[in-house]
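S.K.: Got a sequence here, can you build the structure:
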Amino acid sequence: MTDNELTVEDLADRLRTDDGIVVLDVRESWEVELCHIAQSIHIPLGQLPSAVAALPEDRDIAVLCHHGMRSAYATQWLRTQGFDRAINLAGGIDAWARRIDPTMKVY
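M.R.: This next block holds a predicted model:
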C-alpha cells in the first residue's frame, strides 16, 4: 500500500468508527445497481470533471471502482485538482465483496 491507497479492511474500520471519510464510487450506473457500499456517493468516472465541485476538499475521499484501476486514475486526477486527501481503494468493490461483505454480488 502507498499513502494514496487503502485496503478494504481499513475502509471498513473507518466506516465503522464514522471518522468522516467519504466513499466515492466512480463505476457506471449499471455496476452500482448490481452492488454498492451503502454510504457511497456515485459519480461515474466520465462525469467526475463536471461534478467535482460537489466533493469536500477537507475530508479523506476513498475512491472505488470494480478492481481499482479506474479509481486509481480518478484518485490521481482528483489530486491534481487539489483533493490531496483522495485515496484509492485497493482491489475495489470486488475486494470489498470478497473480504468484507460476502453477501454482496460479485461480477
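S.K.: Count the neighbours of residue 35 for me.
M.R.: By the criterion of other CB atoms under 10 Å, residue 35 has 18 neighbours. From N, CA and C alone the C-beta is placed, and that goes for glycine too.
S.K.: Report the contact partners of it.
M.R.: 93, 97, 104-107 (CB atoms under 8 Å, 6 or more residues apart in numbering).
S.K.: now residue 87, what's its secondary structure?
M.R.: For residue 87, the secondary-structure state derived from DSSP: H, G, I helix; E, B strand; the rest coil is strand.
S.K.: Distance of it relative to residue 103?
M.R.: Residue 87 sits 25 Å away from residue 103, going by CB to CB, to the nearest Å.
S.K.: thinking again about what came up before, which of the contacts of residue 35 has the most neighbours?
M.R.: For the contacts of residue 35, neighbours tallied by other CB under 10 Å; top is residue 93, 30 neighbours.
S.K.: tell me the SS of residue 23?
M.R.: Applying three-state DSSP: residue 23 is strand.
S.K.: That one contacts residue 65, doesn't it?
M.R.: No. Using CB atoms under 8 Å, residue 23 is not in contact with residue 65, being 11.8 Å away.
S.K.: can you pull the buried residues of the helix or strand encompassing residue 75?
M.R.: Assigned by DSSP states H and E, residue 75 belongs to helix 69-80. By 16 or more other CB atoms under 10 Å, the buried positions in helix 69-80 come out as 70-75, 77-78.
S.K.: Could you do stretch 7-19 as well?
M.R.: In stretch 7-19, counting by 16+ other CB under 10 Å, buried: 7-8, 10-11, 14-15.
S.K.: I'd like the distance from that stretch to the chain centre, please.
M.R.: On the basis of CA atoms, centre = their mean, to the nearest Å, stretch 7-19 sits 12 Å off its chain's mean C-alpha point.
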